[in-house]
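J.: Fold the following.
(chains A and B)
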Amino acid sequence: QVQLVQSGAEVKKPGASVKVSCKASGYTFITYYIHWVRQAPGLGLECIGMINPDDGSTTYAQKFQGRVTMTRDTSTSTVYMDLSGLKSEDTAVYYCARTYTWLASFDFWGQGTLVTVSA
Amino acid sequence: DIQMTQSPSSLSASVGDRVTITCRASQVIRHDLAWYQQTTGKVPKCLIYAAYRLESGVPSRFSGSGSGTEFTLTISSLQPEDFATYYCLQHNVYPPTFGQGTKVEIK
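T.: Predicted coordinates for the structure are as follows:
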């Protein structure tokens, strides 16, 4: 069955970087785009960006450009999201989710990774 | 970015009630809209995609309608497991954007 398994919770200091992974299984890795979505405590959902695992091309939401980098490793079917310059407002649960085309509804989600930014 | 405005932001209802949630887009998005259900501490679950298509395994009491800028999610007879927060998502223009959510609570 389709699974997106994310890395564990992280605690970081302001100004640091965090790298979250998302390992895919149960389907052909390169045929689905992977997006990253975050949810601050008690708040709504916000898209960060996406990667095409086939060619590694990325698109980032303007709010995160310059701070986020998404990469993939096709040998392990894993996507990574690196967010730098962390601020307390970046405290959130970060989800990876897949879509069949670059703009589509998200059909499977990872379990989420809590990133806490605190001095 | 396209703004998605949901209403109401919260509602109280009883088991068996008919519930309607509305989502309005700041520009035309054709049928590129999905509805998600999220219970506390859980991953969002897709209920409806392409504005009205029911995701596999989702009960038929859930239905979606609308196109262009106005969309509706209807629960025909609210069940105990339906108390959750519901989000709409547009995926017509990048970045995809969510509504702010509608919390459905027990009356």
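J.: alpha carbons only for contacts and neighbour counts from here, please
T.: OK.
J.: Which pLDDT does the model give residue 26?
T.: In the absence of a named chain, this looks at chain A. On the pLDDT scale, residue A:26 is placed at 97.
J.: looking at chain B here, not the other one
T.: Residue B:26 is assigned a pLDDT of 98 by the prediction.
J.: wait, isn't it in contact with residue B:6?
T.: No. Using Cα atoms under 8 Å, residue B:26 is not in contact with residue B:6; the gap is 11.3 Å.
J.: Compare these two (neighbour count), which wins?
T.: Between residue B:26 and residue B:6, residue B:6 has the larger neighbour count (other Cα atoms under 10 Å in any protein chain shown), namely 23 against 13.
J.: For that one, what is the enclosing helix or strand?
T.: Using DSSP states H and E, residue B:6 sits within strand B:4-7.
J.: Could the C-alpha coordinates of that strand be exported in CSV?
T.: In CSV, the C-alpha atoms belonging to strand B:4-7 read as follows (Å, rounded to 0.1, in the frame of the first residue of the first chain):
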residue,chain,number,x,y,z
MET,B,4,-10.2,30.8,-0.2
THR,B,5,-12.8,32.0,2.2
GLN,B,6,-14.8,29.4,4.1
SER,B,7,-18.0,30.0,5.9
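J.: is the residue minimising distance to the centre of chain A in a bridge, and if so with what?
T.: Compute the mean C-alpha point of chain A, and by Cα atoms, centre = their mean the closest residue is residue A:36, 3.3 Å away. For residue A:36, the beta-bridge partners under DSSP bridges are residue A:49, residue A:96.
J.: Residue B:13 versus that one, what's the distance?
T.: 33 Å (Cα to Cα, to the nearest Å).
J.: And for residue A:29?
T.: As judged by Cα to Cα, residue A:29 and residue B:13 stand 42 Å apart.
J.: Which one's more surrounded, the two?
T.: Remark: of residue A:29 and residue B:13, residue A:29 carries more neighbours, 21 against 14, as counted by other Cα under 10 Å.
J.: Just give me how far stretch B:83-90 sits from the chain centre.
T.: Between the centre of stretch B:83-90 and the centre of its chain there are 4 Å (Cα atoms, centre = their mean, to the nearest Å).
J.: could you dump it to CSV, C-alpha only?
T.: The C-alpha trace of stretch B:83-90 is given here as CSV (Å, rounded to 0.1, in the frame of the first residue of the first chain):
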residue,chain,number,x,y,z
PHE,B,83,-17.2,16.1,14.1
ALA,B,84,-14.0,17.5,12.7
THR,B,85,-12.5,20.5,10.9
TYR,B,86,-13.1,20.7,7.2
TYR,B,87,-10.9,22.6,4.7
CYS,B,88,-11.3,23.4,1.1
LEU,B,89,-8.3,23.4,-1.2
GLN,B,90,-7.9,25.1,-4.6
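J.: Alright, I will stop here.
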